[in-house]
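J.: Based on what follows, work out the 3D shape:
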Amino acid sequence: MEDGKLRITARGNVSGGMNHERSQTYGRWEFRARTDKGRGRGSAILLWPDSLDKEADGELDMMEVPREDRAQAHFVIHYSAQNKLAGNKVGGDFSQWHTFAMDWLPDRITWYVDGVKQFETTDRNVIPTSRMHLAMQLDMGPHEEWILAADETTPAEVSLEVDWVRVYARR
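T.: A predicted model of the protein is given here:
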């Protein structure tokens, strides 16, 4: 914690993340975050299944910013043993602060960036039904074409900062 904000920093070949101990099925998640620019590092704020079995129980990536220029944020639903994907991406400068939100209900998942709906699905084959918990991480590349390998342009430190998080239970 620094200046009231969570900061996850990658230095050299060391990075990190955190999991929240509270989990639930369905609800609303909101947060304000930003990521420093830098090749070889990608930020992710997501819901991970309590079972730790993504193939059986899915994964909800509420914010993934993999590219070094931080010009796109992705929302990705992972589902099925074949790791099928649903979602969307939005352009912007995600090295600056943005607010993300996701409503996860039994019949719908909706994703918002800065209060604007950017994606929605009502496909029940895509919507997870198992308990999940919040995870925040600064991933290290290379990871196929998603996060390129660090190189001589990569800063000595790259951080994912989170100003605040709100989690609401389904009523």
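
J.: Tell me which residues of the helix or strand containing Gln118 come out buried.
T.: Secondary structure from DSSP states H and E places Gln118 in strand 116-121. Residues of strand 116-121 classed as buried: 118-119, 121 (neighbour count, 16 or more other C-beta atoms under 10 Å). C-beta here means a position set from N, CA and C on the backbone, and glycine is covered the same way.

J.: for stretch 143-163, same thing?
T.: Applying 16+ other C-beta under 10 Å to stretch 143-163 flags 147-148, 150, 154-155, 158-162 as buried.

J.: got the contact list for His98?
T.: Contacts for His98 were tallied using C-beta atoms under 8 Å, 6 or more residues apart in numbering; they are 32-34, 73, 92, 113-114.

J.: Please name the bridge partners of it.
T.: Listed beta-bridge partners, His98: Ala33 (assigned using DSSP bridges).

J.: Could I get the pLDDT score of it?
T.: The score at His98 is 98. That number is its pLDDT.

J.: coming back round to it: could I get the buried residues of strand 116-121 as JSON lines with pLDDT and distance to Leu138?
T.: Formatted as JSON lines, the buried residues of strand 116-121 follow (pLDDT from 0 to 100; distance: C-beta to C-beta, whole Å):
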{"residue": "Gln118", "pLDDT": "98", "distance to Leu138": "23"}
{"residue": "Phe119", "pLDDT": "98", "distance to Leu138": "23"}
{"residue": "Thr121", "pLDDT": "98", "distance to Leu138": "27"}
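
J.: Of those residues, just say which sits nearest to Ser51.
T.: Using C-beta to C-beta, Thr121 is the member of the buried residues of strand 116-121 that lies nearest Ser51, at 21.7 Å.

J.: what about stretch 21-32, start to end distance?
T.: 20 Å (C-alpha to C-alpha, to the nearest Å).
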